[in-house]
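Enquirer: What follows is a predicted structure for the sequence shown.
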Amino acid sequence: MLRLRRHDQITGVQVPEIILLNSHDGSSSYQMLPGLFRAVCSNGLVCGDVLGEVRVPHKGDVVGKVIEGAYEVLDTFEHVAEKRESMQSLLLSSPVQHAFAEAALTYRFGEEFQPVTREQVLQPRRFEDKKEDLWTVYQRLQENLIKGGLSGRTVKGKRARTRSVNGIDGDIKLNKALWVMADTLFNQLAPRQPN
């Protein structure tokens, strides 16, 4: 996995980036995804299935197609920024936050047993994240589920800490799923503009 950013945005607070994935055995294709890197917590968000994902098979003019794909992903950055601003303007009630957290926990750990509570995954790790808007709640869920380290219990009741998601495939899958959940929630709750 490679994270590509513009040279003038390397030190920004929330930096758009192209995430380039490659299968090492050549059996699959290059994948390029739009993402946002949040410097304060080192979160690398992936703007999942709904925005600008490009796949380039390992055949033909691969270099040309990868370059073309990178431009396609770049074209989605403005839409990603607009989506972020829209999500920041949508405040979530406590029951909606809990439903979002429950869905995220079920995706991450399954339906049978979850080692931590929804309150734990909604807990901010820093003062700036004590906001109730969709974007910030999404960020908190993503950070807590990806980084792990939350105190919980095993199936047998022993104390344990949640594990971080270290594999690239698991990271991308969880990130995409969280983005789709946040985007769906936004589409359901955002006030509609008259035509």
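Expert: The structure has been received and is ready for your questions.
Enquirer: May I have the beta-bridge partners of Q14?
Expert: With DSSP bridges as the criterion, Q14 is bridged to R38.
Enquirer: can I assume it is in contact with L36?
Expert: Yes - the criterion here is CB atoms under 8 Å, and Q14 meets it with L36 at 5.4 Å. For the C-beta atoms, the positions are set from N, CA and C on the backbone; glycine is no exception.
Enquirer: Now the common contact residues for those two.
Expert: Common neighbours of Q14 and L36, counting by CB atoms under 8 Å, 6 or more residues apart in numbering, are R84.
Enquirer: more crowded one of those two?
Expert: For Q14 versus L36, the count of surrounding residues by other CB atoms under 10 Å is larger for L36: 21 against 17.
Enquirer: wait, doesn't that one sit right on V15?
Expert: Yes - contact between L36 and V15 holds when scored by CB under 8 Å: they sit 6.8 Å apart.
Enquirer: quick one, strands of the protein?
Expert: 2-4, 14-21, 29-38, 43-46, 54-57, 151-153, 159-161 (DSSP state E).
Enquirer: Comparing these, which yields the minimum mean pLDDT?
Expert: Sorting the strands of the chain by mean pLDDT places strand 43-46 lowest, at a mean of 61.
Enquirer: ok, how many other residues are close to L21?
Expert: Other residues lying near L21 total 17 when counted by other CB under 10 Å.
Enquirer: Give me the number of neighbouring residues for W135.
Expert: W135 sits with 20 neighbouring residues when counted by other CB under 10 Å.
Enquirer: before we move on, what about P115?
Expert: 20.
Enquirer: Can you tell me how far it is from I168?
Expert: 23 Å (CB to CB, to the nearest Å).
Enquirer: And L74, by the same measure?
Expert: From L74 over to I168 the distance is 22 Å, taken as CB to CB.
Enquirer: quick one, which of those two is more surrounded?
Expert: Ranked by neighbour count (other CB under 10 Å), L74 and I168 place L74 first, with 16 against 12.
Enquirer: Quickly list what the closest residue to the more buried one other than its chain neighbours is bridged to.
Expert: Nearest residue to L74, sequence neighbours excluded (CB to CB, 6 or more residues apart in numbering): I18, at 7.1 Å. Here I18 sits in beta bridges with L4, P34, going by DSSP bridges.
Enquirer: In contact with the residue nearest to N144 when sequence neighbours are not counted, which residues?
Expert: Ranked by CB to CB, 6+ apart and with sequence neighbours excluded, the top spatial neighbour of N144 is V121, at 4.5 Å. By CB under 8 Å, 6+ apart, the contact list for V121 reads 101, 104-105, 140-141, 144-145, 150.
Enquirer: for this protein, what helix or strand is lowest in average pLDDT?
Expert: Within the chain, confidence by mean pLDDT, DSSP states H and E is lowest for strand 43-46 among all helices and strands, at a mean of 61.
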